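Asks: Sequence and predicted model, in that order:
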Amino acid sequence: MDDNNRSGVIEKDSPVPVYRQVEEHLKQSIASGYLQACQRMPSTRELCRQFDISTTTAVLALKSLVNDGFAYTVQGKGTFVADRKKDRPVIGLVIPHLILNKDVEMARYDAKHFVPLVHFIEDEARKSGADILLCLDNDSPENEKENILKLLQRGVDGIIIYYIGGESNLKYIRQIKAAGIPLVLIDRSIDGIDVDYVTTDNFSGAYKATRFLLESRCPADYYLFTNAEKCNANTERERGFQRALLDSGQAILGSSIKSASCYTNLEDIEYNARYDEEIYCLAKTLAGKNRDVPLGIFAINSPILVGVWEALKEMRINRSNLTLACFDEPPLAIPEEVPFAIVLQPLEEIGRQSVRIVTEKLAGEKEIQRIVLPPVVKVVNEGRALPI
C-alpha cells in the first residue's frame, strides 16, 4: 500500500473496536479502487506492520470483511477482494416489526399487513435476481438508525425502507443518498429530500371512507383517531378526513391529546398511559359522554381501531348508533350490524414497484420516481362486501 493508505490512524482509545477500524480502512481502499476485484489483500503480517496491531486483530478484520461479502479466502494463497459486481445484488429491507408474539392483536395485524408486504418484496427481488436482507426496527427510531448504518457498512446494493424515524433519522437517509445507494421509501415520502417512493393515495382513501361515514349515520358526531407519528401518510389521511367533512358542511371540532388526537368536542383531556392504552382511554371517555348519539369513527390505522373498539364494547355502546372506518384490514371481527369501511392498500403493487425501482436504479436509471397507487375501499355491512 502507498503512504496514503499506510497512514490510516487507528484510535486505540476509541469505543469502536480496533479490528472494525482496520476493516473500515480496507473497505475504503476497496471503494476508492485502490484495491481491485480479485486482487490479493494485505496479509495479516502486513496489516500488523501497517497498523501496529496484533495478529489476532488482523485476522478478525479480514474475517469480518469476508463475512460482509467484501473479500474471500483461497486456502494457501490468502484473502482476495470479492468481485461484488458478479454477485447477486443485495437489497436491504427495513420495516418496523414482524409478528409481535407478545401482542396477539398486533401479530394478527402484521399477518395481514407486513407479512404479505415482505412476501411480495422478496418474491419480486428473487425474480429480479436479487436477495433481500431483512432488518426489523421493533418500532424504535434508534433501531432504525442502527439498521441503516449496518446496511451502509455492509455495502448493500439498494435499500427499501418503511421509514419511522421522523426528523431524528433524516441524517442517515441523506447518508444513503450520499453513498449513491438506490433508496426507495414505502408508504412514506419525506418533505425536502428528493427520494424515490411508492405509497398509497392516502388522501383519497380517507376521503372516501369518511364519505361512507357521513352517508351511513347522518346526522352524527364524527371522530378521527390518530397518533403522534409525524409522517406524510398520516397527514394525508387527516386531510382526507377533514376535506370530506368540509365538503359535506360538517364542522370540525378538535383537541390535541398527547400521542392521540381526535376531532371531538372533548377538551382538556390528558393521559400518561402508553399509546394503545391512551387510545382506549380516549375512546372510553368519548363513549361515556355520547351514549345516545350516533357516532362515525375513522381510525387512521387498524391497530388504533382495536383500542377504540375495545372501549366501545366495554361501554356497551348501542351498535346501531355506530359506523366505523379505518386503513388496513383490522385484526378483529366487527359485528355485521355495524357498517364498516376498510381502506385496503395495494400491498402487492407497493412491494413489486419498490423492487422494480431499485433494480432500474442499479441499471443506471437516474430519474426520481414518485408512485402513488389508488387504494381499494371495501364496505362491510351485514356480511356483504361492496366496493366503493
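Replies: Received it, and whenever you're ready, just let me know what you need. Numbers count the residues shown, from 1 in each chain.
Asks: what sits against P89?
Replies: Shown in contact with P89 (CB atoms under 8 Å, 6 or more residues apart in numbering): 129-131, 157-158, 359, 362. Glycine gets a C-beta too; all of them are placed from N, C-alpha and C.
Asks: low-scoring stretches of the protein, by residue?
Replies: Scanning the chain for pLDDT under 70 picks out 1-9, 84-87, 100-106, 217-220, 228-229, 250-276, 290, 381-388.
Asks: Now do the domain split for it, please.
Replies: Domain assignment for the chain, taken from automatic domain parsing, gives 3-85, 88-200+347-372, 202-346+378-387.
Asks: Nearest residue to the middle of this protein?
Replies: With distances taken as CA atoms, centre = their mean, Y162 lies nearest the centre of the chain, 1.9 Å away.
Asks: tell me which element C281 is part of?
Replies: Assessed by DSSP states H and E, C281 sits inside helix 275-289.
Asks: May I see the buried residues of that helix?
Replies: Under the neighbour-count criterion of 16 or more other CB atoms under 10 Å, helix 275-289 has 275-276, 278-287 buried.
Asks: Show me what it is packed against.
Replies: Contacts defined by 3 or more CB pairs under 8 Å, 6 or more residues apart in numbering; DSSP states H and E place helix 275-289 against strand 221-225, strand 260-262, helix 302-314.
Asks: Just say which of these is most tucked in.
Replies: strand 221-225 (a mean of 24; mean count of other CB atoms under 10 Å).
Asks: Just the C-alpha atoms of the very next helix or strand once past it, please, in CSV.
Replies: Heading C-terminal from strand 221-225, the first helix or strand you meet, by DSSP H and E, is helix 232-247. Extracted in CSV, the C-alpha atoms of helix 232-247 (Å, rounded to 0.1, in the frame of the first residue of the first chain):
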residue,chain,number,x,y,z
ASN,A,232,-47.0,12.5,5.4
ALA,A,233,-49.1,9.3,5.2
ASN,A,234,-50.9,10.3,8.4
THR,A,235,-51.1,13.9,7.4
GLU,A,236,-52.7,13.0,4.1
ARG,A,237,-55.2,10.7,5.9
GLU,A,238,-56.1,13.5,8.2
ARG,A,239,-56.5,15.9,5.3
GLY,A,240,-58.8,13.5,3.5
PHE,A,241,-61.0,13.2,6.6
GLN,A,242,-61.2,16.9,7.1
ARG,A,243,-61.9,17.6,3.4
ALA,A,244,-64.8,15.1,3.4
LEU,A,245,-66.4,16.8,6.4
LEU,A,246,-65.9,20.3,5.0
ASP,A,247,-67.3,19.3,1.6
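Asks: what about V379, which helix or strand?
Replies: strand 376-381.
Asks: Can you list the strands that that strand pairs with?
Replies: strand 340-344 (antiparallel), strand 384-387 (antiparallel) (DSSP bridges).
Asks: Any chance you could list what contacts the first one?
Replies: Applying CB under 8 Å, 6+ apart, the set of residues contacting strand 340-344 from outside is 200, 205-206, 208-209, 212-213, 302, 323-330, 334, 375-381, 388.
Asks: Repeat the analysis, applying 7 Å as the threshold.
Replies: By CB atoms under 7 Å, 6 or more residues apart in numbering, the residues outside strand 340-344 that reach it are 205, 209, 212, 324-327, 329, 334, 375-380.
Asks: what angle sits between it and helix 232-247?
Replies: Orientation of strand 340-344 against helix 232-247 (axes from the mean of the first three to the mean of the last three CA atoms, to 10 degrees) gives an angle of 140 degrees.
Asks: Toward the C-terminus, what is the element adjacent to strand 340-344?
Replies: Sequence-wise, the next helix or strand downstream of strand 340-344 (DSSP H and E) is helix 347-362.
Asks: by contact count, what packs against that next one?
Replies: Judged by 3 or more CB pairs under 7 Å, 6 or more residues apart in numbering; DSSP states H and E, the packing partners of helix 347-362 are helix 114-127, strand 158-161, strand 183-186, strand 196-200, strand 370-373.
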